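1. Any chance you could fold what I've pasted below:
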Amino acid sequence: MHILLLASAFNSLTQRVQAELRDHGHSVAVRLVHEDTDGSVREAVRQERPDLVVAPYLRSAIPEDVWSLHTCLIVHPGPVGDRGPSSLDWAVHEGADRWGVTVLQANAEMDAGDVWASVSCTLPPVGKSDLYRNEVSDAAMTAVLMAVGRFASGTYKPSPQDAGAGRCRPLFRQSLRRIDWQVDSTSTVVRKLRAADSQPGVLDEVLGDEWFLHGGYPEPRLSGRPGEIVATRDGAICRATTDGAVWIPELRPRRAPGGPATFKLPATVALAGRLSDVPALPAPLHRNGHEDTWTEIGYREEAGTGLLSFSFRGGAMSTEQCRRLLRAYRFACSRPTSVLVLGGGRDFFSNGIHLNVIEAADDPGAESWANINAIDDLVEAVLTTTDRLVVSAVAGNAAAGGVMLALAADEVWCRAGAVLNPHYRLMGLYGSEYWTYSLPRRVGAAAAERLMQDALPVSSTAAHGLGLVDSVIACAPEVFDSEVGARAARLAALPATQFRINAKKAERDQVDLTPYRAAELSRMRSIFADPQHPYHGLRGSFVRKEGPASGSAAGPARPRV
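-> This next block holds a predicted model:
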């Protein structure tokens with residue numbers, strides 16, 4: 001079938017639906033449409049003449065003269081009967097441990113149409129955006145494939161919703177999210193922050209200014225006057241509650257009336273120069289267990305394997321984060337293990353350089369150059385590790401340099417449901433991270449060129465077929481880390497592993513990586529140094545979420561993963 005996807009943004013779910021429907025043999029077009037007009041919807045349908053319309057993420061209603069003539073399926077992130085624009089916000093705020101996704105047919109009443117498919121899911125205690133990209137995404141994809149299959153059969157009749165059983169809840173406004181630092185406990189603060197993550201954040205006052213707080217992790221050992229900033233770590237600030245403290249990784253200034261859109265930054269970057277009296281409290285890198293204090297990077301050993309986990313907000317890696325991860329990687333390589341796992345955990349693997357930090361820099365071109373060199377140093381360290389096998393464990397989405405970081409390893413294990421964007425073109429970049437070596441080595445020169453030029457998301461299944469990944473692990477996000485640990489232990493115990501390490505060293509000793517890096521960076525330097533290059537404008541639009549005009553998702557906008 002020819003399927004038209006209507007979306008308000010090319011977000012993670014839209015990318016996954018596009019990629020997996022293509023895997024199932026469908027022709028798929030994606031159109032980004034305005035919120036404030038329905039003309040773009042009509043035009044998209046007129047041009048594409050689809051057999052079916054699917055809306056994975058649409059913030060505005062489909063006009064009647066479209067849904068009355070075409071079957072339009074809406075993906076609603078809530079169970080049957082749940083209605084309203086803030087479904088998942090309410091679920092996290094109320095502490096629901098089970099939820100669901102419903103695919104329903106558009107009609108005159110929002111979220112009240114006939115049900116084509118409904119799939120339940122668990123809601124572990126993590127942020128809303130993490131859930132949306134993982135458990136909710138898994139349920140949504142299952143429901144979409146079920147609904148599309150039922151539609152294609154031509155015999156299935158969707159189930160009407162009970163008109164009196166629906167629960168329509170209002171938009172979850174900032175008045176409901178407000179934190180009262182003098183009253184709220186750590187668990188209450190964390191719940192409010194998680195329900196607002198990553199958008200819209202929680203509006204609050206920090207050091208006399210208004211900021212949106214993004215992300216929230218409990219801290220069981222630190223305390224202070226409620227609301228006081230008591231520590232910093234890995235770019236985050238730690239604020240005291242009535243019974244403990246919470247780590248807040250990112251801040252976004254409130255937009256001034258008539259001013260430009262603002263964007264998120266690491267909290268210590270946003271508050272630069274104002275935290276001189278606040279102690280920095282790094283967490284130990286090497287952990288004997290699963291300590292309950294928050295940190296971006298951690299290392300542990302199990303059954304002869306090393307597991308270096310990292311979790312950077314939004315998957316972006318700033319210059320400083322790349323350097324910290326490189327130091328941790330070098331430490332991990334000093335340990336007596338034969339297998340080293342890079343990644344694991346859940347959610348994002350990496351999306352490459354940190355465009356927000358770059359945009360906020362006094363000299364974005366210089367910061368771009370510093371960031372690309374820092375991530376290149378990290379990738380080079382992985383590529384030149386010859387005394388053990390390195391495994392990239394890709395729990396969630398990855399893009400651009402983050403994909404190339406994964407490909408630097410000897411094996412790539414990917415959770416089913418992850419989406420890869422192995423390209424740079426939509427941000428106006430040539431790319432680096434040794435992609436001209438690693439990508440053709442994995443998929444061949446022709447496929448590498450096609451991936452770069454098409455600039456389309458790739459599902460885990462398609463990535464496996466191409467050779468981008470070696471193994472797809474079909475499991476829930478919550479158990480990916482333990483599954484990876486068990487597989488890594490079995491790999492370390494294999495007699496053939498030492499033979500593979502010896503062969504790897506002999507092979508790598510014959511490869512000179514210097515020309516690859518030099519050629520890539522030469523192209524990147526000319527881009528960064530040219531203030532008129534499209535990269536600078538595309539970067540600014542991306543970080544401020546100023547999407548392209550209505551039209552194809554193949555336009556000049558980096559996928560929002």
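2. drop to CA atoms for contacts and neighbour counts, all remaining ones
-> Noted.
3. element containing residue 213?
-> In this assignment (DSSP states H and E), residue 213 forms part of strand 209-214.
4. Average pLDDT for that strand, rounded please.
-> Averaged over strand 209-214, pLDDT sits at 98.
5. partners of it, with directions?
-> Its sheet considered, strand 209-214 pairs with strand 202-206 (antiparallel), strand 250-253 (antiparallel) by DSSP bridges.
6. Tell me which residues of that strand come out buried.
-> For strand 209-214, the neighbour count (16 or more other C-alpha atoms under 10 Å) marks 211, 212, 213, 214 as buried.
7. just stretch 100-111 next, same as before
-> 100, 101, 102, 103, 104, 105, 106, 107, 110, 111.
8. would a markdown table of those residues with distance to residue 478, secondary structure and pLDDT be doable?
-> Listed next are the buried residues of stretch 100-111 as a markdown table, based on distance: C-alpha to C-alpha, whole Å; DSSP: H, G, I helix; E, B strand; the rest coil; pLDDT from 0 to 100:
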| residue | distance to residue 478 | secondary structure | pLDDT |
| --- | --- | --- | --- |
| 100 | 17 | strand | 98 |
| 101 | 18 | strand | 98 |
| 102 | 22 | strand | 98 |
| 103 | 24 | strand | 98 |
| 104 | 28 | strand | 97 |
| 105 | 31 | strand | 98 |
| 106 | 33 | coil | 97 |
| 107 | 36 | coil | 95 |
| 110 | 32 | coil | 89 |
| 111 | 29 | coil | 91 |
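9. Just flag the most distant two among the residues you listed.
-> Pairwise distances across the buried residues of stretch 100-111 peak at 20.7 Å for 100 and 107 (criterion: C-alpha to C-alpha).
10. circling back to that earlier point, which one of the buried residues of strand 209-214 sits closest to residue 75?
-> For the buried residues of strand 209-214, the nearest to residue 75 is residue 214 (25.5 Å; C-alpha to C-alpha).
11. which other residues reach the strand holding residue 213?
-> Residues from elsewhere that reach strand 209-214, judged by C-alpha atoms under 8 Å, 6 or more residues apart in numbering: 193, 196-205, 248-254, 264.
12. Which element is encountered next along the chain beyond it?
-> Strand 209-214 is succeeded, C-terminally, by strand 217-219 (DSSP H and E).
13. Pull up the pairing partners for that next one, direction included.
-> strand 245-248 (antiparallel).
14. Please export the C-alpha coordinates of the strand it pairs with as CSV.
-> Presented in CSV, the C-alpha positions along strand 245-248 are these (Å, rounded to 0.1, in the frame of the first residue of the first chain):
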residue,chain,number,x,y,z
ALA,A,245,17.7,16.3,46.8
VAL,A,246,17.3,15.9,43.1
TRP,A,247,19.7,16.1,40.2
ILE,A,248,18.5,18.5,37.4
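15. Give me the buried positions along that strand.
-> 245, 246, 247, 248.
16. Distance from it to the middle of the chain?
-> 21 Å (C-alpha atoms, centre = their mean, to the nearest Å).
17. With stretch 497-517 instead?
-> 31 Å.
18. Give me the mean pLDDT for it.
-> Average pLDDT, stretch 497-517: 96.
19. quick one: terminal-to-terminal distance for it?
-> 29 Å (C-alpha to C-alpha, to the nearest Å).
20. Check stretch 426-442 too.
-> 22 Å.
21. now stretch 109-129
-> By C-alpha to C-alpha, one end of stretch 109-129 lies 26 Å from the other end.
22. List the buried residues in it.
-> 110-124, 126-129.
23. swap in stretch 428-444?
-> Here stretch 428-444 shows 428-439, 442-443 as buried, counting by 16+ other C-alpha under 10 Å.
24. end-to-end on that stretch?
-> End-to-end for stretch 428-444, by C-alpha to C-alpha: 23 Å.
25. for stretch 337-350, same thing?
-> Stretch 337-350 end-to-end distance (C-alpha to C-alpha) = 24 Å.
26. and residue 496, how many neighbours?
-> 10 (other C-alpha atoms under 10 Å).
27. hmm, I was thinking of residue 542
-> Neighbour tally, residue 542, other C-alpha under 10 Å: 22.
28. helix or strand for it, which one?
-> Take DSSP H and E as the rule and residue 542 turns out to sit in helix 534-543.
29. Just the CA atoms of that helix, as PDB, please.
-> The C-alpha trace of helix 534-543 is given here as PDB (Å, rounded to 0.1, in the frame of the first residue of the first chain):
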ATOM      1  CA  PRO A 534      23.900  26.400   5.700                       C
ATOM      2  CA  TYR A 535      25.100  24.300   8.700                       C
ATOM      3  CA  HIS A 536      25.000  27.400  11.000                       C
ATOM      4  CA  GLY A 537      21.400  28.300  10.100                       C
ATOM      5  CA  LEU A 538      20.200  24.700  10.200                       C
ATOM      6  CA  ARG A 539      21.800  24.200  13.600                       C
ATOM      7  CA  GLY A 540      20.100  27.300  15.000                       C
ATOM      8  CA  SER A 541      16.700  26.200  13.600                       C
ATOM      9  CA  PHE A 542      17.200  22.700  15.000                       C
ATOM     10  CA  VAL A 543      18.000  23.700  18.600                       C
END
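30. quick one: buried residues of that helix?
-> 535, 536, 538, 539, 540, 541, 542, 543.
31. In contact with the last one, which residues?
-> If I follow you right, that is residue 543. With C-alpha under 8 Å, 6+ apart, residue 543 has these contacts: 263, 355, 356, 359.
32. Repeat that for the second one.
-> Contact analysis of residue 536 by C-alpha under 8 Å, 6+ apart lists residue 528.
33. how close does it sit to residue 9?
-> From residue 536 across to residue 9, the span is 21 Å (C-alpha to C-alpha).
34. Kindly report the same for the fourth one.
-> Counting by C-alpha to C-alpha, the gap from residue 539 to residue 9 is 16 Å.
35. picking that back up, taking the contacts of residue 543 together, which two end up most distant?
-> 263 and 355 (10.4 Å).
36. Show residues contacting stretch 442-453.
-> Contacts of stretch 442-453 (C-alpha under 8 Å, 6+ apart): 407, 422, 423, 424, 425, 439, 440, 466, 467, 468.
37. Redo the residues you listed as a markdown table? Include pLDDT, secondary structure and distance to residue 374.
-> What follows is these, written out as a markdown table (pLDDT from 0 to 100; DSSP: H, G, I helix; E, B strand; the rest coil; distance: C-alpha to C-alpha, whole Å):
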| residue | pLDDT | secondary structure | distance to residue 374 |
| --- | --- | --- | --- |
| 407 | 98 | helix | 17 |
| 422 | 98 | coil | 19 |
| 423 | 98 | coil | 19 |
| 424 | 98 | coil | 17 |
| 425 | 96 | helix | 21 |
| 439 | 98 | helix | 20 |
| 440 | 98 | helix | 23 |
| 466 | 98 | helix | 28 |
| 467 | 97 | coil | 27 |
| 468 | 98 | coil | 23 |
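38. Can you list the buried residues in stretch 248-264?
-> 248, 249, 250, 251, 252, 253, 254, 261, 263, 264.
39. Which strand residues bridge the fifth one?
-> Think residue 252. Applying DSSP bridges to residue 252 gives these bridge partners: residue 212.
40. what's the answer for the first one, then?
-> Listed by DSSP bridges, the beta-bridge partners for residue 248 are residue 237.
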